[in-house]
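Trainee: Give me coordinates for this.
(one chain, ligands or ions: 1)
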Amino acid sequence: MAFRVHHSMQNSLWFLSSSRFYSTIQSQRVHSRNQKYFCKKSLSSSSFSKGVRYCSCNATTSNTDANVSHSNAEAFVLTTPLYYVNAPPHMGSAYTTIAADAIARFQRLLRKKVILITGTDEHGEKIASAAAANGSSPREHCDSVSQAYKLLWRDLDIAYDKFIRTTDSKHEALVKEFYSKVLANGDIYRADYEGLYCVNCEEYKDEKELLENNCCPMHLKPCVRRKEDNYFFALSKYQKRLEDTLTENPDFVQPSFRLNEVQGWVKSGLRDFSISRASVDWGIAVPNDDKQTIYVWFDALLGYISALLDDKEQPNLQSAISSGWPASLHLIGKDILRFHAVYWPAMLMSAGLSLPKMVFGHGFLTKDGLKMGKSLGNTLEPTDLVHRFGSDAVRYFFLKEVEFGSDGDYSEDRFINIINAHLANTIGNLLNRTLGLLKKNCQSTLAIDSAIAAEGNALKDTVEKLVEKARLHYENLELSAACEAVLEIGNAGNVYIDGQAPWSLFKKGGSAFEIAAKDLVIVLEALRIIAIALYPITPRLCLRIYTQLGYSEDQFNAVTWNDTKWGGLKRGQVMAQPNPVFGRIELETEANNAGVSTKKASKKMNKMPKTQKAVEA
Ligand code: MSP
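Mentor: Predicted coordinates for the structure are as follows:
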């Protein structure tokens with residue numbers, strides 16, 4: 001038998017307080033069952049008004065203005081998973097955070113009061129073993145890996161607002177308070193437990209799910225048989241309410257195809273799960289029983305709430321909740337969907353707290369078809385990619401080329417081709433050649449307002465349609481399609497300039513010269529709009545485009561989505577000296593020590609402006 005639970009009656013708090021539990025259920029039914037847990041609000045917003053974006057972190061390109069009052073702004077709280085610190089971050093762990101940052105930046109453009117939460121999950125057996133293997137104490141080990149995550153987020157331009165560590169004292173206080181609430185609600189009891197445990201998943205497994213030799217299908221390592229006396233969470237009591245919640249709120253789990261999977265798990269019958277460990281010291285002690293520590297998931301999930309606390313605030317649930325709970329969106333990988341879409345909502349229901357509005361389970365980055373991961377050791381080093389190609393290239397590639405929700409494979413050739421074609425050619429080169437023509441023929445000065453220049457012009461209509469398309473895709477978390485819509489603006493701009501051939505018109509003089517000058521304004525206005533619409537994905541590149549168009553960094557930082565309306569560029573605006581905004585990645589053939597020639601990709605920096613060299617270095 002893979003799994004066995006024996007109730008130890010004297011400790012079975014669940015039975016002792018069952019009458020209270022049922023009366024709670026009844027009263028919740030009367031108060032409109034799910035309404036209590038869900039604020040039924042879509043993720044979208046159509047209110048675009050002018051203002052400054054807000055982010056309280058200190059990432060290099062964040063649009064920080066902590067002095068701006070956002071008291072009336074709609075809140076948008078989103079989370080990444082809290083990453084295990086058993087090993088340094090890899091590209092798979094960076095992926096969710098890049099996506100979260102792009103969504104957060106988009107929501108800031110809509111003038112929402114965004115709180116982007118990320119952090120590290122630092123307790124448990126897996127972390128303690130990793131520390132021991134390194135010859136360091138768990139605390140030292142966690143400090144160092146957690147810091148590596150922060151450095152990577154800086155390299156990738158992640159403008160997070162909160163970074164929570166599950167070893168923070170405020171977090172510990174909140175976990176204990178939450179545990180006590182669930183206990184008081186009669187949902188925790190003590191029992192013996194026997195089963196097959198995967199340390200990498202930090203989860204007891206069902207024997208049916210396992211491969212040969214009891215191997216975990218995710219980590220391909222054998223699970224170990226364990227028997228323990230633990231505290232349990234009475235998940236099974238929430239079966240009906242979870243079923244109803246999922247039926248009544250079909251958007252709760254996204255993409256929609258993952259909802260079926262979650263409904264399947266719930267329908268197949270929910271089993272109570274153990275929420276403490278007797279054999280693990282590195283964790284938060286169970287209140288009133290310091291021989292047991294709280295199970296990592298019952299600890300880490302609470303990080304989404306404890307992150308909301310300011311360091312100076314009293315660490316209690318009420319303060320944290322009033323600072324932004326419930327979250328609008330939990331972004332996670334598909335492997336941890338069960339914890340977020342089944343366990344977590346039931347835990348929140350038990351504690352009488354609201355449910356997050358949406359859980360989005362994305363796919364995996366794979367290498368040779370296998371999930372890239374620390375346990376399998378087939379990872380891609382994100383810092384190396386950023387140092388070689390720049391953060392914009394890394395962000396763009398993974399968000400454009402991997403459909404958000406599905407799996408995606410990485411190959412360096414594809415990476416280079418896509419980045420050169422889209423960022424260096426379609427966008428970068430279009431800007432550079434247009435500015436070159438403007439410099440040569442119009443002293444880098446716009447001859448006419450872009451709104452007047454484009455009256456009755458088909459390119460303007462195309463851009464307006466595409467930018468609206470991009471907005472809708474961003475709203476729906478279709479990040480790849482949003483990139484595609486913006487890229488289409490660039491394609492349309494290239495087709496337009498090639499068709500109009502302003503270089504010939506300038507030579508003809510007279511009215512042809514005027515048409516050419518007007519065409520350049522039209523193309524540059526399209527590029528200005530690209531700089532805003534692609535900003536969530538490639539913030540550094542977009543700033544460079546904006547400054548090439550003669551704006552200051554402050555002006556760029558004040559931009560909102562409303563500024564994607566056609567007509568921003570005005571007559572008399574002077575453009576900067578044309579400088580390539582994005583260097584091509586070149587394959588250099590080098591002779592190595594053995595005299596064999598090898599190909600090495602690097603970014604062509606010689607034509608890059610000084611500032612870009614600095615930020616890309
Ligand atoms: N600590 C838990 C999460 C607790 S949240 C309260 C955890 N940590 S993890 O480090 O193992 O994984 C964190 C996230 O990284 C998960 O969403 C996981 O799906 C994601 N990824 C890890 N490898 C990945 C890929 N190869 N591809 C895409 N995402 C992957 O689980």
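
Trainee: CA only for contacts and neighbour counts going forward, please
Mentor: Fine.

Trainee: surely residue 106 meets residue 536?
Mentor: Yes: using Cα atoms under 8 Å, residue 106 is in contact with residue 536, at 5.4 Å.

Trainee: what pLDDT, on average, does stretch 157-177 get?
Mentor: Average pLDDT, stretch 157-177: 98.

Trainee: Using the three-state scheme, assign residue 568.
Mentor: coil (DSSP: H, G, I helix; E, B strand; the rest coil).

Trainee: Please report phi then psi for residue 551.
Mentor: When quoted as degrees, to the nearest 10, the phi and psi of residue 551 stand at phi -100, psi 160.

Trainee: before we move on, what about residue 583?
Mentor: phi -80, psi 140.

Trainee: Around it, count how many other residues there are.
Mentor: Per other Cα atoms under 10 Å, the neighbour tally for residue 583 reads 24.

Trainee: buried sites along stretch 200-212?
Mentor: 200-201, 203-205, 207, 210 (16 or more other Cα atoms under 10 Å).

Trainee: Look at that stretch and report the distance between its end residues.
Mentor: 17 Å (Cα to Cα, to the nearest Å).

Trainee: Is any residue of that stretch near the ligand?
Mentor: No: applying Cα under 6 Å from any ligand atom, one finds stretch 200-212 out of contact with the ligand, separated by at least 7.5 Å.

Trainee: taking the mean pLDDT, what do you get for that stretch?
Mentor: Across stretch 200-212, the per-residue pLDDT values average to 81.

Trainee: What lies in contact with it?
Mentor: Stretch 200-212 is contacted from outside by 2-3, 126, 195-198, 214, 216-217, 219, 223, 296, 375, using Cα atoms under 8 Å, 6 or more residues apart in numbering.

Trainee: out of those residues, which one sits closest to residue 557?
Mentor: Using Cα to Cα, residue 296 comes nearest to residue 557 of the contacts of stretch 200-212, at 39.6 Å.

Trainee: what about the closest one, how many neighbours?
Mentor: The local packing of residue 296 (other Cα under 10 Å) involves 23 other residues.

Trainee: so who does it touch?
Mentor: 121, 123-124, 202, 283.

Trainee: now do 7 Å
Mentor: 123-124 (Cα atoms under 7 Å, 6 or more residues apart in numbering).

Trainee: And it, how close does it get to residue 184?
Mentor: Residue 296 is 21 Å from residue 184, where distance means Cα to Cα.

Trainee: quick one on the thing from earlier: so which of the contacts of stretch 200-212 is the closest to residue 84?
Mentor: residue 126 (8.7 Å).

Trainee: gap between the closest one and residue 203?
Mentor: 11 Å.

Trainee: which residues are in contact with both of these two?
Mentor: With Cα under 7 Å, 6+ apart, residue 126 and residue 203 have no common neighbours.

Trainee: circling back to that earlier point, closest to residue 489 among the contacts of stretch 200-212?
Mentor: The closest of the contacts of stretch 200-212 to residue 489 turns out to be residue 375 (Cα to Cα; 41.7 Å).

Trainee: so who does that closest one touch?
Mentor: Residue 375 touches residue 219, counting by Cα under 7 Å, 6+ apart.

Trainee: let's see it at 10 Å
Mentor: 86-87, 200-201, 218-221 (Cα atoms under 10 Å, 6 or more residues apart in numbering).

Trainee: now do residue 120
Mentor: So residue 120 contacts 80-85, 142-143, 145-147, 149-150, 163-167, 300, 303 (Cα under 10 Å, 6+ apart).

Trainee: now swap in residue 124 and tell me
Mentor: 84, 86, 138, 199, 202, 277, 279-284, 293-297, 299.

Trainee: and with 7 Å instead?
Mentor: 280, 282-283, 296.

Trainee: Just the ones of these in helices?
Mentor: residue 296 (DSSP state H).

Trainee: Between the contacts of residue 124, which sits nearest the ligand?
Mentor: residue 296 (8.0 Å; Cα to the nearest ligand atom).

Trainee: Quick check, central residue of the chain?
Mentor: Taking Cα atoms, centre = their mean, the centroid of the chain lies closest to residue 100, which sits 1.9 Å from it.

Trainee: any residue of the host helix or strand of residue 117 up close to the ligand?
Mentor: Using DSSP states H and E, the secondary-structure element containing residue 117 is strand 113-121. Yes: Strand 113-121 lies within reach of the ligand by Cα under 6 Å from any ligand atom, at residue 121.

Trainee: after that strand, next one along is what?
Mentor: Next along from strand 113-121, by DSSP H and E: helix 125-134.

Trainee: near the ligand at all, stretch 252-269?
Mentor: No: Stretch 252-269 stays clear of the ligand (Cα under 6 Å from any ligand atom), getting no nearer than 13.9 Å.

Trainee: how deep is the residue lying closest to residue 357 once chain neighbours are set aside tucked in, by neighbour count?
Mentor: Nearest residue to residue 357 in three dimensions, chain neighbours excluded: residue 328, at 4.9 Å (Cα to Cα, 6 or more residues apart in numbering). Residues near residue 328, counting by other Cα under 10 Å, number 23.

Trainee: give the contact list for residue 328.
Mentor: Residue 328 neighbours (Cα under 7 Å, 6+ apart): 76-78, 356-358.

Trainee: Output those in a markdown table; the columns should cover distance to the ligand and secondary structure.
Mentor: Formatted as a markdown table, the contacts of residue 328 follow (distance: Cα to the nearest ligand atom, whole Å; DSSP: H, G, I helix; E, B strand; the rest coil):
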| residue | distance to the ligand | secondary structure |
| --- | --- | --- |
| 76 | 18 | strand |
| 77 | 15 | strand |
| 78 | 12 | strand |
| 356 | 13 | coil |
| 357 | 16 | coil |
| 358 | 15 | coil |
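
Trainee: How about the residues of the stretch 151-300 of the chain by the ligand?
Mentor: Residues of the stretch 151-300 of the chain lying near the ligand (Cα under 6 Å from any ligand atom): residue 300.
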